[in-house]
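Quick check, what structure comes out for this input:
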Amino acid sequence: ARARRFRSMAAFPFWWLASIRLIYAPFPEPLATPLPAMAAYLAGALIAEVTGGRVRTPATAKRRAALLTRTMDDYAPRWIRMLTYVLLAVGAVTATLAFSLDRSTPNGRAALAVGAAIVFAAGAEWAAYAIVRRAQRGGEPDVLAADDALRATGISTAHAAAALSGLFAAATGLGSTLPDDGWGWWLNVLFLLTWFVIYGMIVGLFTLIVRQETWGYRRRHRQRAAARVAVSA
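Predicted coordinates for the structure are as follows:
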């Protein structure tokens, strides 16, 4: 609930930009986009995950720990991180190519957008590692399991936000390389198919964030083992 409040409050002041030109046509076209609201939504989600997620326990509770080293591989598959790096690289290469060919409109806008996406992705990656390193609260075994579940959800959100930044960078870079008169018919078809794939992935990643799901990587089976040891002791 806290994460939903943070991301909704962060995005709410910017949603009007998506439809402002329907009411006020002279409004600058580059600003009339839902992208600021989407970026604020993701930023709010990251802030909520980094600053929250700690399970409160009574001061008199007996502290327990799983005594297991936590790593990123416990919570997120490596392919999602590699996909983000590949998408950012595609965006950077294509935006540079468009800049050299003088095809970006205006010249350099695509490069700035890709640069902003790279910075945002780096922040999301930092947030994921901050959540991994977050101190684990002590208490009963069910509290440890709850803490682990919150950690998995936060890391999933951070990596989804980073992947969305990569998709934005790749889409911006590829779009900036398209000539005004287009390419040959088969390259145009390939370009459209690529866009369909990109937008499908965007919808999937946003759905994952909204529903606060994980990548299926949790450590609950280990937590149960640690809990049995603690109870038997």
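
where does residue 12 land on pLDDT?
pLDDT for residue 12: 87.

Leaving out sequence neighbours, find the closest residue to it.
Excluding the flanking residues, the one nearest residue 12 by C-beta to C-beta, 6 or more residues apart in numbering is residue 37, at 8.0 Å. All C-beta spots, glycine's among them, are computed from the backbone N, C-alpha and C.

check contacts around that neighbour.
Residues in contact with residue 37 (C-beta atoms under 8 Å, 6 or more residues apart in numbering) are 11, 12, 14, 15, 17, 18.

TSV please, covering the residues you listed and showing neighbour count.
Shown next, in TSV, are these (neighbours: other C-beta atoms under 10 Å):
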residue	neighbour count
11	20
12	13
14	17
15	15
17	16
18	15
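
Can you name the next helix or strand after the strand or helix carrying residue 43?
Per DSSP states H and E: residue 43 is located in helix 35-51. Moving toward the C-terminus from helix 35-51, the next helix or strand (DSSP H and E) is helix 78-101.

Now that next one: buried residues?
Neighbour counts over helix 78-101 (16 or more other C-beta atoms under 10 Å) mark 80-81, 83-84, 87-88, 90-92, 94-96, 98-99 as buried.

Taking the residues you listed, tell me the two that lie furthest apart.
Using C-beta to C-beta, the buried residues of helix 78-101 reach their maximum pairwise distance at 80 and 99, which is 28.8 Å.

Give me the contacts around stretch 78-95.
The contact list for stretch 78-95 (C-beta under 8 Å, 6+ apart) reads 72, 104, 110-111, 113-114, 117-118, 121, 125, 159-160, 162-163, 165-174, 176-177, 215.
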